[in-house]
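Peer 1: Kindly generate the corresponding structure for this input.
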Amino acid sequence: MTAPRSVRAYLSIGSNLGDRLGHLQGAVTGLGAVAGITVVAVSPVFETDPVGPDQPDYLNAVVEVETILTPRALLGAAQAQEAAAARVRAQRWGPRTLDVDIVTFGDQVVDEPDLQVPHPRWAERDFVLAPLAALGHPAVTPRDWIGVRPTGLTLTL
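Peer 2: Below is the predicted model of the structure:
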């Protein structure tokens with residue numbers, strides 16, 4: 001029997017309610033505690049303008065992981081972190097304690113009603129691109145980001 005192939009994946013994390021930094025750290029810690037996920041790196045934390053309805057600013061970061069999970073299982077792990085932060089899905093693009101999205105999963109493409117990988121809007125969102133660039137992601141060239149401000153805050157692995 002062959003061992004599962006490890007895949008490099010990137011997850012975007014964001015919070016604009018409650019202890020924003022605490023929610024982000026909880027996601028990093030929680031993802032790292034899942035069997036089959038190894039957190040490789042975490043970007044610096046950025047404060048960003050919200051997309052959607054009027055709401056507080058977000059803290060955003062990107063988590064780089066190695067995983068033997070499937071995209072569906074990684075989505076389950078991401079949603080478990082949101083549940084642990086008491087995420088409520090009341091309004092599309094509305095405020096939230098924690099949002100965890102799979103940005104990329106190796107070179108795999110998934111197109112299912114509740115899971116699209118790569119994330120369909122990742123390349124349009126500076127709040128995802130700036131943290132990816134900070135991690136040196138090869139698909140992103142650093143530039144001036146709109147509505148994205150460095151905070152000097154960091155998360156621990």
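Peer 1: Against residue 73, how distant is residue 51?
Peer 2: 28 Å (CB to CB, to the nearest Å). (C-beta placed from N, C-alpha, C; glycine too.)
Peer 1: And for residue 24?
Peer 2: 22 Å.
Peer 1: Which one's more surrounded, those two?
Peer 2: Per other CB atoms under 10 Å, whichever of residue 24 and residue 73 has more neighbours is residue 24, with 26 against 14.
Peer 1: Could I have the CA atoms of the helix or strand in which the more buried one is found written out in PDB?
Peer 2: Using DSSP states H and E, residue 24 maps to helix 20-32. Presented in PDB, the C-alpha positions along helix 20-32 are these (Å, rounded to 0.1, in the frame of the first residue of the first chain):
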ATOM      1  CA  ARG A  20      -9.900  39.100  15.600                       C
ATOM      2  CA  LEU A  21      -6.200  38.100  16.300                       C
ATOM      3  CA  GLY A  22      -7.300  35.400  18.700                       C
ATOM      4  CA  HIS A  23      -9.600  33.900  16.100                       C
ATOM      5  CA  LEU A  24      -6.800  33.800  13.500                       C
ATOM      6  CA  GLN A  25      -4.400  32.200  15.900                       C
ATOM      7  CA  GLY A  26      -7.000  29.700  16.900                       C
ATOM      8  CA  ALA A  27      -7.400  28.700  13.300                       C
ATOM      9  CA  VAL A  28      -3.600  28.300  12.800                       C
ATOM     10  CA  THR A  29      -3.300  26.200  16.000                       C
ATOM     11  CA  GLY A  30      -6.500  24.200  15.200                       C
ATOM     12  CA  LEU A  31      -5.400  23.400  11.600                       C
ATOM     13  CA  GLY A  32      -2.000  22.300  12.900                       C
END
